[in-house]
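Q: Okay, here's the prediction I keep looking at, along with the sequence it came from:
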Amino acid sequence: MTTNNEQIKEVVPQVNFRAPCKQKSGLEILDLGDFYQKLHRCRFDPAKPHRISYYCFIYITHGSGGHFVDFEYYQFQPGSFILINQDQVHAFDIASRAQGKMINVTAAFFDSILAKVRLPFFSLSNLFSTYTPLINLPDASIDTCNVLLEEINKTQQNELDDPLLAQLLFSSLIMTIENQQQHHGEHLSDVQQQRFNQFKQLIHQTTQTQRCAADYAERLHMSYKSLNQLCRHACGLTAKQLIDNYTILEAKRCLAIESAQVQEIAYQLGFDDVTYFVKFFKRHTQLTPSQFRAQFDHEMRHLN
């Protein structure tokens, strides 16, 4: 028998990574023109909000339009990179028919890179108040990215090439993009970065059952004060603020892409009291969950 949570998750448009060949396991670069031609094969509508289980980088070379990422529309232009995190909700502007590349990357591929190269991934965290998924590159960086993408493509076409080469080229691509935006946590030591990443991972894994910052500190074998100091040092937010940010974001995602009642979503997110969930949501968004859903549905109808 399926639980309410399992029934709710079944209606969520969740898209998983599928490698077309061995050389592209973990990292795939698609031409957006080819993507548009294959839309009729999709089991979901890419123009509507859907959640992805991997990382997606959309690079625009020609055209302009907007991309939907977690309830905000970001206007892109040639030279724009749109960074979508694992488990984020996004939607394509199909009508614009913008040209470029879609780079899909698994978490395992990222992990394999981090074991070899230190990269500044903090600015990719959508829990930060200063987070933006859109980066507009200057001409020099555009040229660099074009070369790196071409070289990655070459390595994946040759079965004899060492997979490490694609990892290093992709690392260079990420560093080129990251150099154009504000970094978070680059001043942390390796140990501090590891601890902070562990905390973020715990938030992702356990917010349905745990929202007390002191409990997270205990699980990380830290004092509550030390965890707060680490979070403030890393991103300027407290541990509780990060936990609440993620909870609200998940609530918005559920309200936007699920047909479940507010009560069901509250229980899914670990709230035993629906009234408290409504108050919690309104305190952070100035809207009740029902008002947010109605407003979101209205905006989507207007855009479509």
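A: Now that the structure is in, tell me what you want to look at. This one's a predicted model, so the numbers in the text were calculated from it and none came from an experiment.
Q: so what's residue 29 bridging to?
A: Counting by DSSP bridges, residue 29 forms beta bridges with residue 103.
Q: And it, how far from residue 151?
A: 11 Å (CB to CB, to the nearest Å). All C-beta atoms are positioned from the backbone trio N, CA, C, and that covers glycine.
Q: intersection of neighbour lists for these two?
A: Here residue 29 and residue 151 have no joint contacts, going by CB atoms under 8 Å, 6 or more residues apart in numbering.
Q: so what does the helix or strand hosting residue 275 touch, helix or strand wise?
A: For residue 275, the host element (DSSP states H and E) is helix 274-285. Applying 3 or more CB pairs under 8 Å, 6 or more residues apart in numbering; DSSP states H and E, we find helix 274-285 packed against helix 239-257, helix 262-268, helix 289-303.
Q: among those helices, which is nearest residue 210?
A: Judged by CB to CB, the one of the helices and strands packed on helix 274-285 that comes nearest to residue 210 is helix 239-257, at 8.5 Å.
Q: Mind giving me the packing neighbours of the closest one?
A: strand 50-52, strand 89-91, helix 190-206, helix 213-219, helix 224-235, helix 262-268, helix 274-285, helix 289-303.
Q: tell me the angle the fifth one makes with helix 239-257.
A: To tie it back to what came earlier, the one meant is helix 224-235. 60 degrees (axes from the mean of the first three to the mean of the last three CA atoms, to 10 degrees).
Q: mind saving the C-alpha coords of helix 224-235 as PDB?
A: The C-alpha coordinates for helix 224-235 follow below in PDB (Å, rounded to 0.1, in the frame of the first residue of the first chain):
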ATOM      1  CA  TYR A 224      24.500  25.100  17.900                       C
ATOM      2  CA  LYS A 225      26.700  28.200  18.200                       C
ATOM      3  CA  SER A 226      29.500  26.700  16.000                       C
ATOM      4  CA  LEU A 227      27.000  25.700  13.300                       C
ATOM      5  CA  ASN A 228      25.500  29.200  13.300                       C
ATOM      6  CA  GLN A 229      29.000  30.700  13.100                       C
ATOM      7  CA  LEU A 230      29.800  28.400  10.100                       C
ATOM      8  CA  CYS A 231      26.700  29.400   8.200                       C
ATOM      9  CA  ARG A 232      27.100  33.100   8.800                       C
ATOM     10  CA  HIS A 233      30.700  32.800   7.700                       C
ATOM     11  CA  ALA A 234      29.800  30.900   4.600                       C
ATOM     12  CA  CYS A 235      26.800  32.800   3.400                       C
END
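Q: and that helix, what's its mean pLDDT?
A: For helix 224-235, mean pLDDT is 90.
Q: go on, the fourth one?
A: For helix 213-219, the per-residue pLDDT values average out at 94.
Q: Return the alpha-carbon coordinates of it using CSV.
A: The C-alpha trace of helix 213-219 is given here as CSV (Å, rounded to 0.1, in the frame of the first residue of the first chain):
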residue,chain,number,x,y,z
ALA,A,213,18.8,23.8,13.9
ALA,A,214,20.1,22.4,17.2
ASP,A,215,19.2,18.9,16.0
TYR,A,216,21.2,19.4,12.8
ALA,A,217,24.2,20.6,14.9
GLU,A,218,24.0,17.5,17.0
ARG,A,219,23.9,15.2,13.9
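Q: Could you say which helix or strand holds residue 33?
A: Going by DSSP H and E, residue 33 is part of helix 32-37.
Q: Likewise for residue 111?
A: With DSSP H and E as criterion, residue 111 is part of helix 107-114.
Q: Let me know the angle separating that helix from helix 190-206.
A: 170 degrees.
Q: partner strands of the next helix or strand after helix 107-114, parallel or antiparallel?
A: Counting by DSSP H and E, the element after helix 107-114 in chain order, helix or strand, is strand 134-136. Partner strands and pairing direction for strand 134-136 (DSSP bridges) are strand 80-84 (antiparallel).
Q: Quick one: residues in contact with the partner strand.
A: Contacts of strand 80-84 (CB under 8 Å, 6+ apart): 52, 55-60, 67, 69, 74, 76, 90, 124, 133-137, 145, 177.
Q: re earlier: please name every helix or strand in contact with the helix holding residue 33.
A: strand 99-105.
Q: Just give me how far the strand it packs on sits from the chain centre.
A: Here strand 99-105 shows a centroid-to-chain-centroid distance of 15 Å under the convention CA atoms, centre = their mean, to the nearest Å.
Q: Residue 274 and residue 262 touch, don't they?
A: Yes - using CB atoms under 8 Å, residue 274 makes contact with residue 262 at a distance of 6.8 Å.
Q: who has more neighbours, these two?
A: Remark: of residue 274 and residue 262, residue 262 carries more neighbours, 19 against 16, as counted by other CB atoms under 10 Å.
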